[in-house]
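Participant: Got a predicted structure here, sequence first:
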Amino acid sequence: MTWRGTRALVGATHPGPALAVTVLAALLALPAGLGPGTAALVVAAVLTGQLTIGWSNDLVDAGRDRAVGRTDKPLATGELSERLVRGWCAAALVATLVLSLAVGLPAGPVHLLVVAGGWAYNLGLKATWLSWLPYAVAFGALPAFVWLAGPLDPPLWGVAAGALLGVGAHLVNVLPDLADDAATGVRGLPHRLGPRWLPVAAVVVLVAASLVIALGAPGLPGWALGVGAALVAGLALVAVVRPGRDAFRAAVGIALVDVLLLVVAG
């Protein structure tokens with residue numbers, strides 16, 4: 001495969017979200033008390049699982065992406081063949097099954113629930129009012145997977161915060177694509193909220209995640225709580241008084257603060 005083809009194949013994985021989720025799993029492995037070998041298995045399983053979610057998303061949406069003229073989608077532009085992406089997606093799915101089960105029980109099946117959530121979204125739930133549910137399940141199950149792979153029980157506050165963070169990430173992620181989605185008949189929860197209320201809803205959910213971490217995490221240092229609270233409050237204010245693109249950026253900022261708090265609190 002040429003360098004250009006490899007680059008296009010990587011681009012079809014949704015590399016930003018895939019890398020972000022994988023890095024989050026790696027960071028959560030630190031407070032979960034995982035040994036190096038187990039941590040490597042966990043990170044590898046999460047990475048391959050995210051690859052399958054990204055590739056399957058572009059495979060399912062290829063026709064829709066062509067209809068709206070998405071030039072950033074290699075399958076829509078013809079830069080990649082669907083057969084090639086299906087092959088890589090199938091290989092990554094097999095690797096995900098093997099790696100997840102290699103982590104052990106009950107952690108392995110919990111990670112398969114994370115991946116199943118992503119696939120359920122791709123295969124139809126994204127166009128319904130339940131579009132938020134796969135994100136809540138997947139992001140709530142992710143910290144549970146990491147902790148179950150080690151000697152510690154997963155904290156309930158971490159699962160709850162992960163679920164809220166997932167819903168907030170879903171709302172934020174859809175905002176730039178509202179017009180394209182509307183043109184092709186996709187009407188998930190964010191589309192029903194509309195561009196006016198969507199950033200507000202995202203901020204409310206992400207602030208709720210911040211509160212769950214702040215109130216539930218016994219090991220959160222005072223300095224982290226203070227800095228996190230100040231950042232979240234400031235970004236929430238920006239989202240309220242400056243709708244549109246600034247509200248979107250503020251919601252993304254709150255999501256990043258939540259992730260850092262989740263890792264520090266672990």
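Facilitator: Perfect, thanks for sending it.
Participant: tell me what the least confident helix or strand in the chain by mean pLDDT is packed against?
Facilitator: Across the helices and strands of the chain, mean pLDDT, DSSP states H and E gives its lowest value to helix 178-183, namely a mean of 73. Secondary-structure packing of helix 178-183 (3 or more Cβ pairs under 8 Å, 6 or more residues apart in numbering; DSSP states H and E): helix 189-216. Every residue, glycine included, has its C-beta placed from N, CA and C.
Participant: Report the angle between the helix or strand following the helix it packs on and helix 189-216.
Facilitator: Note on helix 189-216: by DSSP states H and E, the next helix or strand toward the C-terminus is helix 222-241. Orientation check (axes from the mean of the first three to the mean of the last three Cα atoms, to 10 degrees): helix 222-241 against helix 189-216 gives 150 degrees.
Participant: So for helix 222-241, mean pLDDT?
Facilitator: Helix 222-241 carries an average pLDDT of 85.
Participant: just to revisit the earlier point, using PDB, list the CA coordinates for the least confident helix or strand of the chain.
Facilitator: What follows is helix 178-183 as a C-alpha-only set of coordinates in PDB (Å, rounded to 0.1, in the frame of the first residue of the first chain):
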ATOM      1  CA  LEU A 178     -25.900  19.200  11.900                       C
ATOM      2  CA  ALA A 179     -26.500  20.600   8.400                       C
ATOM      3  CA  ASP A 180     -25.100  17.500   6.600                       C
ATOM      4  CA  ASP A 181     -27.000  15.200   8.800                       C
ATOM      5  CA  ALA A 182     -30.300  17.100   8.200                       C
ATOM      6  CA  ALA A 183     -29.800  16.900   4.500                       C
END
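Participant: Sweet, I'm off.
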